[in-house]
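# missing the sequence, but the structure's below:
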């Protein structure tokens, strides 16, 4: 992402925010601190990239809502999502930007649930603006430590992925054992 932002400037921030997001905005803030980009422009373009990515997920889910709603995976997770949404409502769109691994699922949920487009965009603009400002601001403020922060974040993501895979395998094994006991 660093090379993309350094080479293409704001266009790199836009593409990076659509495809990846978090690291791109931190790098964008660092590059702004170096004087190669303006921080407000970096935040605005990063926000636009986030909105584009979210709107694409929302639109895909909205167009395929009946098909996706029939999927066993969606039927399994829908009650959990419904409970969460009952607590915070559409503000969940804003919060999903800050909870790792929930953004795409959230945008799909809102597309399937049929939240009106203007209302979706209103909450998404708020969430993407806050997200872009926080991450680019962190990159700007801690530019000397940003490379270290990015490395630590990637390492934490890897450990989280390993833990999730381990938990999934463990659950699979336990469920399989219960099924065998029930058949006997």
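Yep, it's here. The structure displayed is predicted, hence computed values, not measured ones.
# surely residue 45 meets residue 9?
No. Using C-beta atoms under 8 Å, residue 45 makes no contact with residue 9, being 9.1 Å away. All C-beta spots, glycine's among them, are computed from the backbone N, C-alpha and C.
# between the two, which is the more surrounded one?
Counted by other C-beta atoms under 10 Å, residue 45 and residue 9 do not tie: residue 45 has more neighbours, with 25 against 17.
# give me the three-state assignment for that one.
Here residue 45 is helix, with the state taken from DSSP: H, G, I helix; E, B strand; the rest coil.
# contacting residues around it?
Counting by C-beta atoms under 8 Å, 6 or more residues apart in numbering, residue 45 touches 10, 13-14, 17, 28.
# the residue nearest to the spatial centre of the chain - nearest residue in space that isn't next to it in sequence?
Central residue of the chain (C-alpha atoms, centre = their mean): residue 103, 3.6 Å from the mean position. Nearest residue to residue 103 in three dimensions, chain neighbours excluded: residue 96, at 4.8 Å (C-beta to C-beta, 6 or more residues apart in numbering).
# quick check, pLDDT for the one you found.
We have a pLDDT of 83 for residue 96.
# number of residues surrounding it?
If we define neighbours as other C-beta under 10 Å, then residue 96 has 24 of them.
# surely it meets residue 108?
No. If you go by C-beta under 8 Å, residue 96 and residue 108 don't touch, sitting 10.7 Å apart.
# run through this protein and note the low-pLDDT ranges.
Residues of the chain meeting the criterion pLDDT under 70: 1-6, 144-162, 178, 181-182, 184.
# ok, now with 50
By pLDDT under 50, the chain has no low-scoring segment.
# which residues of it fall in helices?
With helices called from DSSP state H, the chain shows them at 2-8, 10-19, 22-33, 39-63, 65-69, 72-88, 91-96, 103-113, 117-141, 146-183.
# can you pull the buried residues of the fifth one?
Judged by neighbour count using 16 or more other C-beta atoms under 10 Å, the buried positions of helix 65-69 are 65, 68.
# that older thread, nearest to residue 130 among the contacts of residue 45?
residue 17 (13.8 Å; C-beta to C-beta).
# for the nearest residue to the closest one once chain neighbours are set aside, give me its contacts.
Nearest residue to residue 17, sequence neighbours excluded (C-beta to C-beta, 6+ apart): residue 49, at 2.6 Å. The contact partners of residue 49, taken as C-beta under 8 Å, 6+ apart, are 13-18, 21, 24.
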